[in-house]
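Q: Based on what follows, work out the 3D shape:
(chains A and B)
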Number of protein chains: 2
Amino acid sequence: MTTASIADPLSLNVSLGERSYPIYIGAGLMDQGERLVSHLSGRQVMVVTNETVAAHYLERLTTALARADETLRIETLVLPDGEAYKNIEGVSRIWDALLEAGFNRRSTLVALGGGVIGDMVGYAAASYQRGISFIQVPTTLLSQVDSSVGGKTGVNHPLGKNMIGAFWQPRAVLIDTATLATLPQRELSAGLAEVIKYGFIYDRAFLEWLEQQLDALRRLDDAALATAIERSCAIKAEIVALDETEQGVRALLNLGHTFGHAIEAHMGYGAWLHGEAVGAGMMMAADLSMRLGFIDSEAVDRTRRLIERCGLPVSAPAEMSVEDFVSRMKLDKKNLDDRIRLILLQELGKACVHDQTPSAVLHDCIKEFPRC
Amino acid sequence: MTTASIADPLSLNVSLGERSYPIYIGAGLMDQGERLVSHLSGRQVMVVTNETVAAHYLERLTTALARADETLRIETLVLPDGEAYKNIEGVSRIWDALLEAGFNRRSTLVALGGGVIGDMVGYAAASYQRGISFIQVPTTLLSQVDSSVGGKTGVNHPLGKNMIGAFWQPRAVLIDTATLATLPQRELSAGLAEVIKYGFIYDRAFLEWLEQQLDALRRLDDAALATAIERSCAIKAEIVALDETEQGVRALLNLGHTFGHAIEAHMGYGAWLHGEAVGAGMMMAADLSMRLGFIDSEAVDRTRRLIERCGLPVSAPAEMSVEDFVSRMKLDKKNLDDRIRLILLQELGKACVHDQTPSAVLHDCIKEFPRC
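A: Numbers count the residues shown, from 1 in each chain, chains lettered A, B, ... in the order given. The predicted structure follows:
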């Protein structure tokens, strides 16, 4: 296995007909202005980022763009950092900036940052003048393997996570693995939650590879990272291509998310990182899968060990009651009419959609689950 | 020609592949709950309207729905009336109501009202949980022939009209022509602006029919109204089917709108009705078409007579300078990079897209155009 280089990054294509787009993965891609410019529409580009990421990468990216094409009009917008700012007011600031700059519908937004920036910029692009182009330059492991792939964009509402948004595909995704060097350890762990999720739901061989390579990933070994990101994106791209608007198989990507979203919403967005909530949520889903007879206690233990080795929580917040979970879970977007739909493990490496969990079993599962 | 009846309304199909939908046109359709119910997805439905329309039709519509299906959960939301409320805050009220009701992604919004309600409800549907179904029940002539057809949804921004929105198709459109009996005369005129626009841009025979039938239309003759609405929707449906996302021929529908939007924005949304601004705007486009040698003064006079007979303005606001127009027109969504693109008349019944107007000619046209 060779490490991806600037000249020859790993790449894959997300196949969505006329909305298909490429994902490039490699160390140093941030400096490849030409690659970015080749995916712009029009000559107006606005790079949107947050305060934290701006300090590391904003000037580098705009310099690369300007060097690649002197005729570009390049604007920048720096938003506050954090999930707490992922709301319609934040998106409105992007719209305001685009209108104040006089940008028309042949302009391009570049999302430089993690999932919050990607989701907000994507939704701003989906709705500005009824839709303009955008490019993702994700700088966290979570956004590299999750929110930069699949076209889900949107913001939170006080009554629910990601309740307002659109399906809107980027023109291209540039993943510079070197950006992970500036990522806090806690956020790296949160990203690993989504990486191991792909193994749990879809690919037992990848799951076993992850059990072997987890320490290397946490040490930021380039080759291991590139492989893990490429395989994660490929699995997600495969699932999204089968089901762009989440009518069926795509729901499997939500393993751990129904429980996890309840934790995030109850604790207040930002208190638990998304990946931390998903880590605990996957553990709850594994526990429920065992109670329903899908997997045995050995598989649950193996699940727990891998989640723990990522540096993720395997217990739920002490202050959350059964009712706190259930009332939030009833609002989940996957539900049809009044049934709670959950993603459960049929075996390690294979998930399923399930909406027949008896209330009493769900109640006991949540009640007896360890608290932290 | 026979008048459309409840039992057998006129209908046409907007052909957009899997997003195709029917338009029904007839007096009394509002009471056909079964027809509406057949286009719902799920059992949760929220009827959104404004204070004015609610007084006339809200109870009638919800009664028809409840009678057709007792198992429906029917919620209602009444917003303030007027273009001044067509903004992101208004859309947020719809999202709030949906979340407070616990509605999931298999719910349906029904837009009962004019273009403002249709545009806001459509955009709320496009963005709620990344997209839910909606049905249009337009109650103004303008919305019946224009904004209920074609999937354009959205809201205004202080810096520009319809700047935030999405392309989102309804599941069905029910046009009850009897609702025009409660429409103020001024709004009927505004609707006629869009009706005659279809003749000007696309159909000389329809234009000549309108010259003959205009008095009957203003008297609310049922047969004439049904024919005019059906022909208008058919022309728009034909153009939209050719060009759903406005890359080409669909731009022709904007005859008079580039000038008109400048008037609406400068005067403050709601001061001039959209159709009034389009009336004056079509007159300005005709004048410019003559200056560029496309049509002669006789065609301009004929254009003026028809616009005047609709009860519409054929002059511009006294307070608007050339710069007031040009600065707004530069923000128009049709523009590519820095060119102002206008829809002009090649002849009566045939429009074209033009982006080569010399600044001086545009300047003189605006400067010398009559003021009111």
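Q: So which elements touch the host helix or strand of A:Phe325?
A: A:Phe325 is part of helix A:322-329 when elements are defined by DSSP states H and E. Counting contacts by 3 or more C-beta pairs under 8 Å, 6 or more residues apart in numbering or on different chains; DSSP states H and E, helix A:322-329 is packed against helix A:257-267, helix A:359-368. The way it works is simple: take the backbone N, C-alpha and C, and place the C-beta from them, glycine included.
Q: what's it in contact with?
A: With contacts defined as C-beta atoms under 8 Å, 6 or more residues apart in numbering or on different chains, helix A:322-329 is touched by A:160, A:258-259, A:261-262, A:265-266, A:340, A:362-363, A:366-367.
Q: Which of those residues has the largest number of neighbours?
A: Neighbour tally across the contacts of helix A:322-329 (other C-beta atoms under 10 Å in any protein chain shown): the maximum, 30 neighbours, falls on A:Phe259.
Q: Can you name the residues that contact it?
A: A:277, A:280-281, A:284-285, A:316, A:325, A:329.
Q: Check A:His56 too.
A: Taking C-beta under 8 Å, 6+ apart as the test, what A:His56 contacts is A:139, A:179, A:182.
Q: Neighbour-wise, which one of the residues you listed leads?
A: Neighbour-wise, the contacts of A:His56 (other C-beta under 10 Å) top out at A:Thr139, 28 neighbours.
Q: neighbouring contacts of whichever strand or helix holds A:Glu308?
A: Here A:Glu308 sits within helix A:297-309, counting by DSSP H and E. Here helix A:297-309 makes contact (C-beta under 8 Å, 6+ apart) with A:193, A:196, A:200, A:207, A:210-211, A:214-215, A:279, A:282-283, A:286-287, A:289-290, A:314, A:345, A:347-348.
Q: Let's test this: mean pLDDT of that helix, rounded?
A: Helix A:297-309 shows a mean pLDDT of 98 in the predicted model.
Q: now the residue in the stretch 151-300 of chain A that chain B sits nearest to: how far from B:Ser327?
A: Across the stretch 151-300 of chain A, no residue is closer to chain B than A:Leu159, which sits at 4.0 Å (C-beta to the nearest C-beta). According to C-beta to C-beta, to the nearest Å, A:Leu159 stands 40 Å off from B:Ser327.
Q: A:Val137 now?
A: 34 Å.
Q: of those two, who's got more company?
A: Legend: neighbour count by other C-beta under 10 Å for A:Val137 and B:Ser327, higher for A:Val137 (28 against 14).
Q: ok, the more buried one - contacts?
A: A:30, A:36, A:61, A:110-113, A:173-176.
Q: any chance of those residues in CSV, plus distance to chain B, neighbour count and secondary structure?
A: Formatted as CSV, those follow (distance: C-beta to the nearest C-beta, whole Å; neighbours: other C-beta atoms under 10 Å in any protein chain shown; DSSP: H, G, I helix; E, B strand; the rest coil):
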residue, distance to chain B, neighbour count, secondary structure
A:Met30, 27, 22, helix
A:Leu36, 19, 26, helix
A:Leu61, 23, 25, helix
A:Val110, 18, 29, strand
A:Ala111, 17, 31, strand
A:Leu112, 23, 29, strand
A:Gly113, 21, 29, strand
A:Val173, 19, 26, strand
A:Leu174, 24, 26, strand
A:Ile175, 24, 32, strand
A:Asp176, 28, 24, strand
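Q: surely A:Ala68 meets A:His39?
A: No: the pair A:Ala68 and A:His39 fails to qualify as a contact (C-beta atoms under 8 Å) at a distance of 11.4 Å.
Q: what does the stretch 151-300 of chain A put close to chain B?
A: Residues of the stretch 151-300 of chain A lying close to chain B by C-beta under 8 Å from any C-beta of the partner chain are A:152-154, A:157, A:159-160, A:162-167, A:245-246.
Q: Looking at those residues, which two lie furthest apart in space?
A: Spanning the widest gap among those are A:Leu159 and A:Thr245, at 22.7 Å by C-beta to C-beta.
Q: between those two, who's got more neighbours?
A: Neighbour totals were compared for A:Leu159 and A:Thr245, and A:Leu159 leads with 15 against 12 (other C-beta under 10 Å).
Q: which residues does the closest residue to that one other than its chain neighbours contact?
A: Nearest residue to A:Leu159 in three dimensions, chain neighbours excluded: B:Leu99, at 4.0 Å (C-beta to C-beta, 6 or more residues apart in numbering or on different chains). Under the criterion of C-beta under 8 Å, 6+ apart, the contact list for B:Leu99 reads A:157, A:159-160, A:163, A:331.
Q: Equivalent analysis for A:Gly114, please.
A: A:50, A:53, A:138-140, A:142-143, A:147, A:187.
Q: So which of those residues is the closest to chain B?
A: A:Ser147 (13.3 Å).
Q: which residues in chain A form helices?
A: A:33-37, A:51-53, A:59-68, A:88-100, A:115-127, A:141-142, A:185-202, A:204-218, A:222-242, A:257-267, A:274-291, A:297-309, A:322-329, A:359-368 (DSSP state H).
Q: Kindly reformat those helices as a markdown table and extend each row with distance to B:Asn335.
A: Listed next are those as a markdown table, based on distance: least, C-beta to C-beta, whole Å:
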| stretch | distance to B:Asn335 |
| --- | --- |
| helix A:33-37 | 22 |
| helix A:51-53 | 32 |
| helix A:59-68 | 23 |
| helix A:88-100 | 14 |
| helix A:115-127 | 18 |
| helix A:141-142 | 38 |
| helix A:185-202 | 41 |
| helix A:204-218 | 48 |
| helix A:222-242 | 34 |
| helix A:257-267 | 41 |
| helix A:274-291 | 39 |
| helix A:297-309 | 52 |
| helix A:322-329 | 45 |
| helix A:359-368 | 55 |
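Q: which of these has the lowest average pLDDT?
A: Looking across these, the weakest by mean pLDDT turns out to be helix A:222-242, at a mean of 91.
Q: quick one: contacts of that helix?
A: Identification of contacts with helix A:222-242 by C-beta under 8 Å, 6+ apart yields A:1-4, A:10, A:12-16, A:23, A:25-27, A:141, A:144-146, A:149-151, A:175, A:177, A:180, A:194-195, A:198, A:202-203, A:206, A:209-210, A:213, A:216-217, A:248-250, A:252-253.
Q: surely A:Leu12 meets A:Val149?
A: No: at 9.5 Å, A:Leu12 does not count as touching A:Val149 under the criterion of C-beta under 8 Å.
Q: so what's in contact with the two at the same time?
A: A:23, A:233, A:237.
Q: residues touching the spatially closest residue to the first one that is not a sequence neighbour, list them.
A: It stands for A:Ile23. Setting aside the residues directly before and after it, A:Ile23 is nearest to A:Val173 in space (C-beta to C-beta, 6+ apart), at 4.4 Å. Shown in contact with A:Val173 (C-beta under 8 Å, 6+ apart): A:21-24, A:135-138, A:148-149.
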